[in-house]
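J.: Pasted the sequence and its predicted model underneath.
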Amino acid sequence: MKRGVVYAGMAGAIWGGVILAPSLVPEFNPLLISSVRFALYGAISLLIALPVAFGLLRRIGREDLSMLVRLALTGNLLYFALLSAAVQFAGVAAASLINGVMPLAISYCSRSEHDSLPLSRMKIPLLLVTLGILCINLDPTALMAVGSTPGERILGIVCGFCAVACWSWYATANARYLKASHFNSHEWSTLIGMVTGGMAIVLAGVGALVAPQAIPSGVSSERWMVFLWVSLFLAIFGSWLANGLWNAATRRLPMSLGGQLIVFETLFACAYAYLHQQRLPSPVEALAIVLLTVGVLWAISLHRAPAPAPARAVES
């Protein structure tokens with residue numbers, strides 16, 4: 001369990017940077033960012049899997065392939081396109097705030113799992129996490145992206161909540177399937193990467209035919225290089241490494257606890273924003289961080305298995 005918590009924290013540390021990434025390339029379409037990121041992710045996964053690719057592919061059944069396609073589409077391509085739109089239209093602060101609702105959504109989705117605690121026992125940690133999420137952006141101006149219109153901000157907020165719905169389903173469905181699967185976490189991450197890469201290439205081709213204007217014109221070569229470096233970071237660290245860490249955590253943790261630990265993503269996103277802005281958190285932001293941290297630590301303590309009772313001596 002301790003290793004699972006560490007793996008989840010490391011994944012959250014990487015995903016916190018992923019939330020900020022779309023704001024670094026605002027001139028590029030969210031669908032284009034998602035397609036290039038996941039095409040690179042698929043290529044990396046394929047290269048890593050080459051020595052064992054034949055044996056790995058032989059073990060995939062029809063049910064496995066169906067789940068891989070659904071997970072790749074919902075939890076990778078669609079989720080990140082929606083998150084990128086939320087960041088570009090509503091701002092990083094709003095996207096982080098909305099993404100912070102995910103612990104609550106995942107806890108609700110996993111309430112019927114046999115290894116999850118009932119929501120009644122999780123109500124205090126969930127309340128603390130909720131209050132922390134609400135405190136992060138109490139300043140209304142923090143919810144506005146620079147230069148966006150009211151309509152764009154509303155669209156960004158809607159995209160943010162749709163992204164939460166996609167990833168909440170992905171987290172619960174992936175955890176449920178992986179725990180019963182004959183693949184280990186590394187194999188499963190590699191397979192998801194390969195399927196996601198293939199779907200990303202198809203999506204990019206369809207997008208280029210249907211909406212060629214989605215590829216920006218008049219962008220300098222320097223900005224294209226920035227875009228490619230950001231996409232490569234997202235593919236290697238945000239997808240291949242972070243997904244592998246999260247799958248390793250998923251195998252070791254109950255779903256109700258895993259849902260709480262996704263809050264690390266929000267905490268690290270805030271920390272990176274403070275470093276980028278070279279400032280300390282405000283009193284309200286500091287209170288939010290304390291509430292989130294206490295809520296997660298409380299949830300971890302509730303999930304600790306009780307120590308086994310000492311064996312009785314057999315009476316002669």
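T.: Okay, I see it.
J.: What residues sit buried inside stretch 64-82?
T.: 64, 67-68, 70-82 (16 or more other C-beta atoms under 10 Å). C-beta: built from backbone N, CA, C; applies to glycine.
J.: and Pro246, how many neighbours?
T.: Quick fix: residue 246 is Trp, not Pro. Other residues near Trp246 number 24, with proximity taken as other C-beta atoms under 10 Å.
J.: Let me know the pLDDT of it.
T.: At Trp246, the pLDDT value in this model is 84.
J.: Over to the one 3 residues further on?
T.: The pLDDT attached to Ala249 in the predicted structure is 85.
J.: Now Cys166. Nearest residue, chain neighbours left out?
T.: Setting aside the residues directly before and after it, Cys166 is nearest to Tyr79 in space (C-beta to C-beta, 6 or more residues apart in numbering), at 4.3 Å.
J.: what about the one you found, which helix or strand?
T.: helix 79-90 (DSSP states H and E).
J.: following the one helix or strand in the chain whose mean pLDDT sits lowest, which helix or strand shows up next?
T.: Sorting the helices and strands of the chain by mean pLDDT, DSSP states H and E puts helix 255-261 at the bottom, at a mean of 69. As assigned by DSSP H and E, the chain's next helix or strand after helix 255-261 is helix 263-277.
J.: need the contact list for the residue lying closest to Ser181 once chain neighbours are set aside.
T.: Leaving out its chain neighbours, the residue that sits closest to Ser181 by C-beta to C-beta, 6+ apart is Trp188, at 6.5 Å. Shown in contact with Trp188 (C-beta atoms under 8 Å, 6 or more residues apart in numbering): Leu178, Ser181, Asn247.
J.: Is the second one part of a helix or strand, or is it coil?
T.: On the three-state scheme (DSSP: H, G, I helix; E, B strand; the rest coil), Ser181 is labelled coil.
J.: can you check the first one too?
T.: Secondary structure of Leu178, reduced to three states by three-state DSSP: helix.
J.: Quickly note the distance from the residue nearest to Cys166 to Ala299.
T.: To Ala299, Tyr79 is 23 Å away according to C-beta to C-beta, to the nearest Å.
J.: can you map out the helices along the stretch 1-150 of the chain?
T.: In the stretch 1-150 of the chain, the helices defined using DSSP state H, counting those that start in this stretch lie at 2-24, 30-49, 53-58, 62-71, 79-90, 92-99, 102-109, 123-136, 150-179.
J.: Give me the mean pLDDT for the shortest one.
T.: Averaging the model's pLDDT scores along helix 53-58 yields 78.
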